[in-house]
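*Asks:* Quick one: sequence plus predicted model below, questions after.
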Amino acid sequence: MSTIQNCAHPATAGFQRLVARQQPPEDREDDADAWRGFMGSMDDAAIKRADGGSVWNLAAYGFLADAEAPDTVNPILWRQARLNRAHGLFQVTERIFQVRGFDLANITFIETDHGVMAFDALMVPETAAAALALYRKHRGDRPLHTVIYSHSHVDHFGGVTGLVSQDDVDAGRVQIIAPAGFMQSAVAENVMAGVAMARRAQFQFGNTLPIGPAAQVDSGLGKNIPRGRPGLLAPTREITQKHECMVIDGLEVEFQLTPETEAPAEMHLFIPSENALNLAENATHTLHNLCPLRGAKVRDSLAWSKYLNEALHRYGPRTEVILAQHHWPTWGRERAVRFLAEQRDMYRFLHDQTVRLMNHGCKPAEIAERLQWPDGLAERWHARGYYGTVSHNVKAIYQHYLSWYDAHPANLNKLPPVEGARKYVAYMGGAQALLGKAQADFERGEFRWVAEVMAHLVYAEPANQPARELAAAALEQLGFQAESATWRNAYLLGAQEYRVGPPPASGQAGAAMLAALPNELLFDLLAMRVVAGRAKDLRFDIGWHFQESHEHWVCSLSNGALSSIRLEIAPVADLTVTTSRATLDALLAHQLQPAQALANGRLMLDGQVQLLPLFFGLLDRFSGNFAVVDAAEMPQ
Ligand SMILES: [Zn+2]
């Protein structure tokens, strides 16, 4: 049996040539925009932690200097990956500057009469601090008095402590402005399913893959995600009106709230004196995700389109430049307005055509296969699917309205993957016969089908090495062909894990941002960790009294379910725990043992004291490296 590793199959090479022939005409406008206003940068945008470890470095992407795509990369994605290489400080208008290519997202600096504001804060403090230093190197030491979070995704706020400190905020030297519902969304969106999302995000961004022409080349929105630890400072002011005007240190700004679009809490920013419209992450140089591959609640494509339409009508006539928090700006009223109208049309078209076909009874996979951009969008570089795709966005819209169930009763209660896979393999004449047929299909370039049947075979026979290698080879060719960076990353990491297995566990997953969680969310998170098999027929009530907030809560366990509620007065309970949230957080993070906390008075117990260790003992722990292309181990 022969497969090829890290090389394009002849069918893939032929596919790339076809893509290159059919791609939109190259007008060089994106290249000009991506470099317009360049003021300077650091070599390779290399950013290090205090201990010398690398946080961000674009040196490994040097292979993208070649204008011609290799056979292992879709030419349309290659072009985007080259554009996303631009890094440094760029002047957008007289008062607006952006640092791009220092992180996944952009940071926008807006100069006011006596200082500067930051629109967004990148993902980790190190990259944000480097961006601010670069800005100051070129523009002087203007005081940073305002940070604005455009939306509740971590690549836009996680670096805030690299810009300002909690002390700056407490002393009133810095205000932090965010869209309504920011805090709730920022901490809630990725908490409950956070462990699963973090693992799945590796497949979206390819951040655990090697970088290279046969490996990770981009993530569509930007190059990659930085290594480091995000932080969060709470906003001091929320924007709550549909449109809200403010004057900040002499500069007039207008916010447009756009809830339930690319993020649950998001807003646009218009600056009249600059004729500049910042669309946050609702209109960038890609088709975005209605549901990212990492998993999320499905986004509302209809609302998304409507808010872009509102921005077009409200600000379009006054706009000379559109910018966003990923990618490069678009200058000139005519070009900017066209860009915005096309982005609006993309989400509207996807929504309406998917729903129309749904109402004809088409299934998700059928709509995804059938629906394609009209020519007017297909020939526009910014409408291509570098990040989201028409295919998986269609499925998200179906899910939004009709759920996972396609209404075919045979799909209502299918055998689970491994049992089903064993039957498929047996019906196909056993592993050897299946491998022979699949190898022949691989030679013919039928990679989608080979990937599907080999997934069955590896589920049925995980130790079958020729099966694993053919499965990997098929995914690899699909990755090489993908226009979407996120599909490429998913396919290539899938191939890697067929070959070498999942990554090692990285300690206990899911403990981040504990302190930022409100009590209700914390108790919900604990309830999700109760191992039903351990709880069995246990029943008890634990009352909690948090000293600093004077809040009373009671957690009731019955039937393996832990329900929590806040009460006005101390509840009657089997055990009452008096403590602080900080102590509870430390106990849950295993930074403090209950015996220590009891001994130094940080924890006081009243009632059946043995219930506390019993309760902690019910809680599950997650390795964060679960199998994806192999069957996941079924926990207790
Ligand atoms: Zn982002």
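*Replies:* Okay, I see it. The structure displayed is predicted, hence computed values, not measured ones.

*Asks:* For the residue of the stretch 451-600 of the chain found nearest the ion, give its distance to H87.
*Replies:* Nearest to the ion in the stretch 451-600 of the chain, going by Cβ to the ion, is T486, at a distance of 13.1 Å. Quick note: C-beta positions are derived from backbone N, CA and C, even for glycine. T486 is 21 Å from H87, where distance means Cβ to Cβ, to the nearest Å.

*Asks:* same thing with D406?
*Replies:* 44 Å.

*Asks:* Which of those two has more residues huddled nearby?
*Replies:* Using other Cβ atoms under 10 Å, the more surrounded residue of D406 and H87 is H87, with 23 against 16.

*Asks:* P503: how many residues sit nearby?
*Replies:* 14.

*Asks:* Now do it, the pLDDT please.
*Replies:* As predicted, P503 sits at a pLDDT of 86.

*Asks:* wouldn't it be in contact with N207 here?
*Replies:* No. In this structure P503 lies outside contact range of N207 using Cβ atoms under 8 Å: 10.8 Å.

*Asks:* can you count the residues close to the residue of the stretch 1-150 of the chain at minimum distance from the ion?
*Replies:* Closest contact between the stretch 1-150 of the chain and the ion, by Cβ to the ion, is at A105 (4.6 Å). For A105, the neighbour count with other Cβ under 10 Å is 30.

*Asks:* ok, so what distance separates it from L89?
*Replies:* Counting by Cβ to Cβ, the gap from A105 to L89 is 15 Å.

*Asks:* and the residue lying closest to A597 once chain neighbours are set aside, how far is that from Q593?
*Replies:* Distance criterion Cβ to Cβ, 6 or more residues apart in numbering; nearest residue to A597, sequence neighbours excluded, is L603 at 3.8 Å. L603 is 10 Å from Q593, where distance means Cβ to Cβ.

*Asks:* just M346 next, same as before
*Replies:* Taking Cβ to Cβ, one finds M346 at 54 Å from Q593.

*Asks:* The two: who's more crowded?
*Replies:* More crowded of M346 and Q593, by other Cβ under 10 Å: M346, with 27 against 11.

*Asks:* per-residue confidence for V191?
*Replies:* 84.

*Asks:* picking up where we left off before, next up, the contacts around the residue of the stretch 451-600 of the chain closest to the ion.
*Replies:* Each residue near T486 by Cβ atoms under 8 Å, 6 or more residues apart in numbering is listed here: 204-205, 219-220, 289, 292-293, 387-389.

*Asks:* How about the one residue in the stretch 201-350 of the chain that gets nearest to the ion, nearest residue that isn't a chain neighbour?
*Replies:* With Cβ to the ion as the measure, E281 is the residue of the stretch 201-350 of the chain nearest to the ion, at 4.8 Å. Distances taken as Cβ to Cβ, 6+ apart put E262 closest to E281, at 4.6 Å, once the chain neighbours are dropped.

*Asks:* next one: I76
*Replies:* Spatial nearest neighbour of I76, chain neighbours left out: E483 (4.9 Å); criterion: Cβ to Cβ, 6+ apart.

*Asks:* Touching, that neighbour and R384? I think so.
*Replies:* Yes. With contact defined as Cβ under 8 Å, E483 reaches R384; the gap is 6.2 Å.

*Asks:* Could you check which of those two has the larger neighbour count?
*Replies:* Neighbour comparison, E483 and R384: the larger count goes to R384, with 26 against 20 (by other Cβ under 10 Å).

*Asks:* so who does that one touch?
*Replies:* 24, 76, 80, 286-287, 483.

*Asks:* that older thread, give me the common contacts of E483 and R384.
*Replies:* I76.

*Asks:* sorry, back to before: could you tell me how many residues sit around the residue nearest to E281?
*Replies:* 26.

*Asks:* Does it touch S301 like I think?
*Replies:* No. Judged on Cβ under 8 Å, E262 makes no contact with S301 at a distance of 10.5 Å.

*Asks:* Pull up the gap between W404 and C291, please.
*Replies:* 12 Å.

*Asks:* quick one: which of these two has more around it?
*Replies:* Neighbours were counted for W404 and for C291 using other Cβ under 10 Å; C291 has more, 18 against 9.

*Asks:* Find the residue closest to the more buried one in space, skipping its chain neighbours.
*Replies:* Nearest one to C291, counting by Cβ to Cβ, 6+ apart, is A396 at 3.7 Å.

*Asks:* which ones are touching C555?
*Replies:* By Cβ under 8 Å, 6+ apart, the neighbours of C555 are 523, 526-527, 541-542, 544, 562-564, 615.

*Asks:* ok, now L584?
*Replies:* For L584, the contacting residues are 522, 544, 546, by Cβ under 8 Å, 6+ apart.

*Asks:* Quickly find the element holding the residue nearest to C291.
*Replies:* helix 390-402 (DSSP states H and E).

*Asks:* Tell me which helix or strand comes right after that helix.
*Replies:* By DSSP H and E, the next helix or strand past helix 390-402 is helix 417-427.

*Asks:* quick check: mean pLDDT across the helix or strand following that next one?
*Replies:* Next along the chain after helix 417-427, taking DSSP H and E as the criterion, comes helix 431-443. Helix 431-443 shows a mean pLDDT of 98.

*Asks:* quick one: helix 431-443 to chain centroid distance?
*Replies:* Its chain's C-alpha centre and that of helix 431-443 lie 36 Å apart, by Cα atoms, centre = their mean, to the nearest Å.

*Asks:* neighbouring contacts of whatever helix or strand comes next after that helix?
*Replies:* Once the chain leaves helix 431-443, the next helix or strand it forms, by DSSP H and E, is helix 447-460. With contact meaning Cβ under 8 Å, 6+ apart, helix 447-460 is reached by 9, 11-12, 417-418, 420-422, 424-425, 428, 431, 434-435, 437-438, 441-442, 464, 467-468, 470-471, 474-475, 477-478, 481, 498, 629-631.

*Asks:* and the longest helix seen in the chain with helix 390-402, angle?
*Replies:* Taking DSSP state H as the criterion, the chain has its longest helix at helix 333-358. Our comparison of helix 333-358 with helix 390-402, counting by axes from the mean of the first three to the mean of the last three Cα atoms, to 10 degrees, yields an angle of 60 degrees.
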